[in-house]
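What shape does this take:
(chains A, B and C)
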Amino acid sequence: MFEGLLQAFIVGGLICVIAQLAMELTPFQITPAHILVSYVTIGAVLSAAGLYQPLVDFAGAGATVPLSGFGHLLAQGAIEKVAEDGLIGAFTGGLSSAALGITVAIILGFTTAMLFNPKG
Amino acid sequence: MNNTFFQNQRSRESLLSQLKTMSESKIAQLKNDLQKEHISLIAAQANAPRREQKNYDTLILHNEQQMKIVNDYQHTQYQRLIASDAPKKPIVKNTLRAFLVGGLICVIAQLVMNFLTINTTLETKTISGLASVSIIVLTAILTGLGIYDEIGRFGGAGSMVPISGFANSIVSAAMEFKREGMVYGIGAKIFTVAGPVILYGTVASVLIGLIAYLGA
Amino acid sequence: MGTKIGQRTYQFSEDIYIHSYATVVGRKEYSGPLAAGFDYHFADNLHGEASWEKAEQKMQQYALELALSKGSLDPSVLDFFLGGDLLNQIIATTFTARNLTSPFLGLYGACSTFAEGLFLAACLIDGGFAQYTAVNASSHHDSVERQLRYPTEMGVQRLMTAQWTATAAGSYILGRQTSPFRITQAVPGRVVDMGISDNNDMGSAMAPAAADTIAAYLTDTKDEKLPDLIITGDLGVLGGQICLKLLLNQGWDVKNIYNDCGILLYTTEQDTHSGGSGSGCSAAVLGAYCLPRLEVKQLNKVLLVGTGALLSPASTQQGETIPCIAHGIVIESR
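Predicted coordinates for the structure are as follows:
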């Protein structure tokens, strides 16, 4: 039950530290949206280059939970679907592999907004 | 007439290269001259016969560039003056907090993965997806209760980079803009922050898919 | 009629007074060091309303009603209602004006709106256009957050240079009847942009505008007694420090008589980082801090310098630098 926790903690933590340092050390302002977009894109590129899977194998959730893992999911989805369906797979693969996360987030966003009001 | 403007701008070039040696009042005078010249140029262009009007475009552009040089110089001087006043960024503290919060979120997800691996026969991929889902659910609840914004204030990138930050951006936007209605409020604003993530994620995946297709 | 003294300062005729005033604040401000000075507070940031914007409008309305009541005035005596806030199209103010029968002039000078309003109201009275004029200004932390930054429930870290938009409103009724607070002089500000584009660092952006206005005032009135207090609207810790430095470079050492409304509004434990800000900030602090001290003559002459950063979400996203302004207004005890 407790195997892999340390790896997940350290790798997940370090991935966040990179973003924090990027925000602290750049002279101009980097917004959260910029960080999130960069992480997804960089994650997808690393994944396509075959560099992200080893990190997932080592750190488990520590690599899949950060948004770079989301990029990895999108990239692998596209690559796998291309292998199965050819050209059309390039267009269906990414979003279908990420569908679970996106859909749950949207549905919960909607229902939470119905149930709660912002407290400010 | 055009020639006078041209001559003036030419002779000003040397002044612009010596801004460092000039007093503040000299620089103010220079800006004043530039402003007056701009007024004359616009007036001259407006009054010129239509086919000659575009002759003024370069002169006007040049005037504006010269003004920009003076402004930029003043801005750099100000930056230099206030450089020592900037409060110290708590980089070490913020970095440690990001490490802690980001690490803990991943640990929670890993615990869910471990639990599912032991107790179910699901594929690794599905388990990993469900672990992310559990983080999203937790985030939605904490955001609804007004707790996640406090975690974010504490954890910085540590609460933003994990999938929980993505979920929080969707849930908080939906909650905030509910007051503008179901369509233009929640509907249009829910993706304010998450939209760019989905856009660039999709673009990246399609490009990667195309490369994979062409490479295969 | 007023007269101009020096380059930029105006001297009003002898008989313009703050007839009455009232301030309304939110919970965080009411937990701060000036709590005792406010007339009314909202226990939470909605006060039973359906949105932040509606709550902000209520704050303005309450402030105006309390000011009228404290001055024993009927709303119909107001010849003008002036004011503004930080919401798009200043709706907190315009919606307050919709309950009034007096002419309304909407103002926008970001957080300098309040000082701008005091100046214009004094001009209207001085010029003989009005007997009584009300000036309102407000800001609401959450309505500003959602408009300029992020949804209020989004987890975002605040930077050290960031300021905390105050949930506060003030209403001031100016008239000719004698009161302890006389408005004597004003220095309207000009727009100064020193190239700062970081909307999390308004203090650094606004400091040059404030220093420009203060220096103009000090130069124009160099034969007069200095004010006992020069108080800027919302430069915060960092902006105040830079403003003093800029003034010192020009030969004015006013450190001992300088303060800032944004710093006075909160304690350091309230974690506002560089201090408070917002159109309501100076309106609340003038009423809760300066005027009570003028009344007992602990202070005799106060120069309030309302500071404003004239940016918009669009200008920020387009990478524009922040033009800033500061209006000075002098209030003396009678």
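
other SSEs contacting the one helix or strand residue B:214 maps to?
When elements are assigned from DSSP states H and E, residue B:214 belongs to helix B:194-215. Judged by 3 or more CB pairs under 8 Å, 6 or more residues apart in numbering or on different chains; DSSP states H and E, helix B:194-215 is in contact with helix A:32-48, helix A:67-85, helix A:87-115, helix B:163-176. Quick note: C-beta positions are derived from backbone N, CA and C, even for glycine.

Am I right that residue C:326 falls within a strand?
Yes: secondary structure assignment places residue C:326 in a strand (DSSP: H, G, I helix; E, B strand; the rest coil).

can you count the residues close to it?
33 (other CB atoms under 10 Å in any protein chain shown).

Mind listing the residues bridging to it?
Note on residue C:326: beta-bridge partners by DSSP bridges are residue C:307.

and residue C:51, what does it touch?
B:179, C:143 (CB atoms under 8 Å, 6 or more residues apart in numbering or on different chains).

In stretch C:198-214, which residues are buried?
Buried residues in stretch C:198-214, defined by neighbour count with 16 or more other CB atoms under 10 Å in any protein chain shown: C:198-199, C:201-214.

Figure out which of the helices and strands packed on helix B:194-215 is closest to chain C.
helix B:163-176 (3.5 Å; CB to the nearest CB).

Just checking, which helix or strand succeeds the closest one along the chain?
Next element after helix B:163-176 (DSSP H and E): helix B:188-189.

List the buried residues for stretch C:288-298?
Buried, per 16+ other CB under 10 Å, within stretch C:288-298: C:288-291, C:293-294.

Stretch B:154-166 too?
In terms of neighbour count (16+ other CB under 10 Å), stretch B:154-166 has its buried residues at B:154-166.

filter the residues you listed down to the ones near chain C?
Applying CB under 8 Å from any CB of the partner chain to the buried residues of stretch B:154-166, one finds that B:154-157, B:159-160, B:165 fall near chain C.

Give me the distance between residue B:35 and chain C.
Distance, residue B:35 to chain C, by CB to the nearest CB, to the nearest Å: 14 Å.

Return the distance of that residue relative to residue B:62.
14 Å (CB to CB, to the nearest Å).

so who does residue 109 touch?
All of this is about chain A. B:140, B:167, B:170-171, B:173-174, B:190.

think we crossed wires, I meant chain C
C:84, C:115-116, C:306, C:308, C:310, C:325, C:327.

burial measure for residue C:99, as a count.
Using other CB under 10 Å, the number of residues around residue C:99 comes to 12.

Pull the number of nearby residues for the closest residue to it other than its chain neighbours.
Nearest residue to residue C:99 in three dimensions, chain neighbours excluded: residue C:61, at 6.9 Å (CB to CB, 6 or more residues apart in numbering or on different chains). Using other CB under 10 Å, residue C:61 has 22 other residues around it.

does chain C sit close to stretch B:51-68?
No: applying CB under 8 Å from any CB, one finds stretch B:51-68 separated from chain C by no less than 10.8 Å.

which residues touch that stretch?
Outside stretch B:51-68, the residues that reach it (CB under 8 Å, 6+ apart) are B:2, B:5-6, B:9, B:12, B:16, B:31, B:34-35, B:37-38, B:41-42, B:44-45, B:48.

Would you map out the domains in chain B?
According to automatic domain parsing, chain B is divided into the following domains: B:2-85, B:91-215.

related to what we said a few turns ago, any chance of TSV for the contacts of residue A:109, columns pLDDT and neighbour count?
Shown next, in TSV, are these (pLDDT from 0 to 100; neighbours: other CB atoms under 10 Å in any protein chain shown):
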residue	pLDDT	neighbour count
B:140	98	29
B:167	97	30
B:170	97	33
B:171	97	32
B:173	97	27
B:174	97	30
B:190	95	25
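
which of those come close to chain A?
B:140, B:167, B:170-171, B:173-174, B:190.

For chain A, see how far away the most centrally placed residue in chain C is.
By CA atoms, centre = their mean, chain C has its centre lying nearest to residue C:282, at 3.4 Å. Remark: distance between residue C:282 and chain A (CB to the nearest CB) = 22 Å.

how about the nearest residue to that residue, chain neighbours excluded?
residue C:233 (3.8 Å).

One more: residue C:313?
Using CB to CB, 6+ apart, the nearest residue to residue C:313 is residue C:148, at 5.9 Å.

check contacts around the one you found.
Shown in contact with residue C:148 (CB under 8 Å, 6+ apart): C:86, C:199, C:313, C:316.

Which residue does chain A have closest to chain C?
For chain A, CB to the nearest CB, closest residue to chain C: residue A:120, 3.9 Å.
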